[in-house]
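**Q** Here is a sequence with its predicted model. Questions after.
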Amino acid sequence: MKILKRKIIKGQGFVQMIPTEEEDLWHIYNLIHEGDKIKSITTRKVVSVSQTGVKNAQKKRIVLTLKIVKISYHASDHLALEIKGINVEKNDYLSLNQFHTFTVDLDTPITIIKNDWYGYHFKILKELSDPAQDTDVAALVMDEGIGHLCFVKSQITLMKQKIEKSIPKKRQGASGHDTEMQKFYKLCFDAIMLIDFRDVQCLILASPGTIKDDFLKYIKEQAMLIQYQQKFKQLAILQKIICVKSSTGYLNSLNEALQDPSVINRLQDTKAIKQIKIFDEFYKELSKDENMVAYSEKSVIECYKQQAIKKLLISDKLFRTKDLNKRRFFNGLVDSIARQGGETYIFSSLHKSGENLNNLSGIAAILKFPVILDDDEDESEDEEQEQNEEDENGNQKKQQNQHEEQKKQEKSKKKFDIDKLDIGEDEYDDDEDNGEEDDDFQNYKMEDYNEEEEEQKK
């Protein structure tokens with residue numbers, strides 16, 4: 001991610017950026033909410049009518065400023081972020097208050113305009129400014145005839161390539177099995193040679209049995225060949241390889257590989273490993289004394305009241321909730337716990353540890369001292385959390401009358417009352433202002449992009 005310009009005063013302002021890789025789409029997804037504004041280049045089908053009445057349709061690149069009404073993030077093989085909004089600035093091709101939906105493209109500037117920049121958002125911006133966040137961990141989880149090459153980044157895990165080869169069963173006196181395994185190793189080797197090892201901290205080889213060791217032996221043999229010698233030496237590829245055991249050759253064994261002590265020691269400073277370690281610490285404390293931990297919103301809030309929170313584990317999904325009171329509350333909670341001397345760990349929902357935390361309602365805490373909580377309250381909270389998840393997933397009835405909605409908002413405001421719980425809501429000023437304040441935040445000029453289009457045509 002490239003941060004081009006930012007100006008935030010008392011929690012209001014803008015950031016202009018260029019997403020350069022797929023993980024950046026996840027960061028943008030966590031920065032924006034319904035009601036925010038975004039400004040970017042997009043394409044729109046424009047229909048013109050000639051004097052003879054002939055209609056001509058063509059796609060035009062235009063700059064739009066939209067007030068967001070819907071955000072869709074698709075976590076498939078190719079990540080995609082779609083934003084639907086209402087046009088709020090005059091444009092020759094789109095009327096005011098008209099809807100438009102576009103997909104956020106890589107290497108295209110986008111400006112995010114918000115009236116409520118919170119501490120959580122500044123944590124994201126700080127991470128984006130950290131060069132260490134650009135370092136990947138590559139992993140090949142494999143078994144006989146099957147392999148999954150993926151990249152573990154600070155916020156997401158990307159599956160880059162699936163490798164498959166039919167392997168005959170091993171029979172006495174038959175060489176078919178070994179021959180086909182060598183062909184399979186060749187496919188795996190070709191896949192890992194596409195990795196840019198300059199940006200990779202290590203390559204994890206994980207498998208049941210000795211497959212990982214046999215493949216490492218194959219890699220070392222290939223490294224001796226003339227065409228690979230210089231690359232292996234310059235990038236120290238062999239020194240970056242770690243072999244660990246896994247139950248299967250499928251992606252569900254990746255988290256098992258990441259929990260191996262040799263991997264944790266090598267990658268202890270990476271965010272993904274820190275999340276695994278702190279979640280493991282939570283379960284160890286739970287097994288020793290259940291009163292030394294808390295999970296569920298109600299339990300954690302009660303422990304906060306008693307200033308008992310030592311380490312807060314919170315999922316990024318709680319900062320994306322459509323409930324404004326709830327969103328403000330959890331942003332304030334993180335800041336207040338920091339003032340109390342506690343630590344906060346924000347888990348990505350796209351890592352396995354984040355999925356596990358979401359199964360515990362998305363929030364948990366390791367405590368400074370034992371706190372005895374009412375089990376009935378926890379059960380009630382679990383039921384309420386399930387209902388909230390159904391609401392967020394769109395499983396609730398589409399038609400709700402105004403009275404029910406008002407009651408829901410009142411209940412939310414009462415439960416997540418910042419003033420009542422003495423959770424201060426900070427007004428954030430940007431301490432890294434790198435641009436003059438601009439009334440419309442960023443005046444794109446289409447002529448700046450015409451040259452780019454001409455180069456693409458050539």
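**A** Thanks, I have it. Remember, predicted model here, so these are calculated numbers, not experimental data.
**Q** ok now stretch 127-146, how far from the chain's centre?
**A** Centroid separation for stretch 127-146 versus its chain: 14 Å, with C-alpha atoms, centre = their mean, to the nearest Å.
**Q** do the same with stretch 281-289
**A** 27 Å.
**Q** Stretch 95-102 now?
**A** Per C-alpha atoms, centre = their mean, the displacement of stretch 95-102 from the mean C-alpha position of its chain is 27 Å.
**Q** average pLDDT for that stretch?
**A** Averaged over stretch 95-102, pLDDT sits at 93.
**Q** Report the buried residues of it.
**A** His100, Phe102 (16 or more other C-beta atoms under 10 Å). Every residue, glycine included, has its C-beta placed from N, CA and C.
**Q** what does it rub up against?
**A** Stretch 95-102 has contacts (C-beta atoms under 8 Å, 6 or more residues apart in numbering) with 40, 42-44, 64, 66, 69, 82-90, 94.
**Q** same deal with stretch 162-170?
**A** Contact partners of stretch 162-170, identified using C-beta under 8 Å, 6+ apart, comprise 142, 144-149, 174, 176-177, 180-181, 183-184, 187-188, 191.
**Q** Look at that stretch and report the distance between its end residues.
**A** Taking C-alpha to C-alpha, to the nearest Å, stretch 162-170 runs 23 Å from one end to the other.
**Q** list the buried ones in it?
**A** Ile163, Lys165, Ile167.
**Q** again, but for stretch 22-39
**A** Buried, per 16+ other C-beta under 10 Å, within stretch 22-39: 22-33, 36-39.
**Q** got it, and stretch 40-54?
**A** Across stretch 40-54, burial judged by 16+ other C-beta under 10 Å covers Ser40, Ile41, Thr42, Arg44.
**Q** biggest separation within the residues you listed, which pair?
**A** Ser40 and Arg44 (12.2 Å; C-beta to C-beta).
**Q** list residues touching both of these two?
**A** When contacts are counted by C-beta under 8 Å, 6+ apart, Ser40 and Arg44 have Leu64 as shared neighbours.
**Q** picking that back up, list only those of the contacts of stretch 95-102 flagged as buried.
**A** Ser40, Thr42, Arg44, Leu64, Leu66, Ile83, Gly85, Ile86, Asn87, Leu94.
**Q** got a markdown table for the residues you listed, with secondary structure and distance to Arg6 too?
**A** Shown next, in a markdown table, are the buried ones among the contacts of stretch 95-102 (DSSP: H, G, I helix; E, B strand; the rest coil; distance: C-beta to C-beta, whole Å):
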| residue | secondary structure | distance to Arg6 |
| --- | --- | --- |
| Ser40 | strand | 16 |
| Thr42 | strand | 22 |
| Arg44 | strand | 28 |
| Leu64 | strand | 21 |
| Leu66 | strand | 20 |
| Ile83 | strand | 20 |
| Gly85 | strand | 21 |
| Ile86 | strand | 24 |
| Asn87 | strand | 24 |
| Leu94 | coil | 27 |
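**Q** Just name the closest of those residues to Lys311, please.
**A** Ile83 (34.4 Å).
**Q** Who does that closest one form a beta bridge with?
**A** Residues in a beta bridge with Ile83, per DSSP bridges, are Ile71, Phe102.
**Q** Then Thr42?
**A** Bridge pairing for Thr42 - DSSP bridges - gives Ile62.
**Q** I figured it was touching Lys59, is that so?
**A** No. With contact defined as C-beta atoms under 8 Å, Thr42 and Lys59 do not form a contacting pair (10.1 Å).
**Q** wait, what's in contact with the closest residue to Glu343 other than its chain neighbours?
**A** Closest residue to Glu343 apart from its sequence neighbours, by C-beta to C-beta, 6 or more residues apart in numbering: Lys311 at 4.9 Å. Taking C-beta under 8 Å, 6+ apart, we find Lys311 in contact with Ile278, Glu281, Phe282, Gly342, Glu343, Thr344, Tyr345, Ala365, Ile366.
**Q** please redo it, this time with the cut-off set to 7 Å
**A** By C-beta atoms under 7 Å, 6 or more residues apart in numbering, Lys311 lies in contact with Ile278, Gly342, Glu343, Tyr345, Ala365, Ile366.
**Q** Repeat that for Arg198.
**A** Listed by C-beta under 7 Å, 6+ apart, the contact set of Arg198 reads Leu235.
**Q** what's the spacing between it and Ser95?
**A** Distance, Arg198 to Ser95, by C-beta to C-beta, to the nearest Å: 48 Å.
**Q** Do a quick rundown of the helices in the stretch 201-350 of the chain.
**A** 211-223, 226-235, 254-258, 261-266, 271-288, 297-305, 324-339 (DSSP state H, counting those that start in this stretch).
**Q** To Leu350, which of those helices lies closest?
**A** That would be, of the helices of the stretch 201-350 of the chain and by C-beta to C-beta, helix 271-288, which comes in at 10.2 Å.
**Q** The residue of the chain most remote from its centre: what secondary structure?
**A** What lies farthest from the middle of the chain is Thr52; by C-alpha atoms, centre = their mean that is 52.1 Å. Under DSSP: H, G, I helix; E, B strand; the rest coil, Thr52 falls in the coil class.
**Q** Perfect, that will be all.
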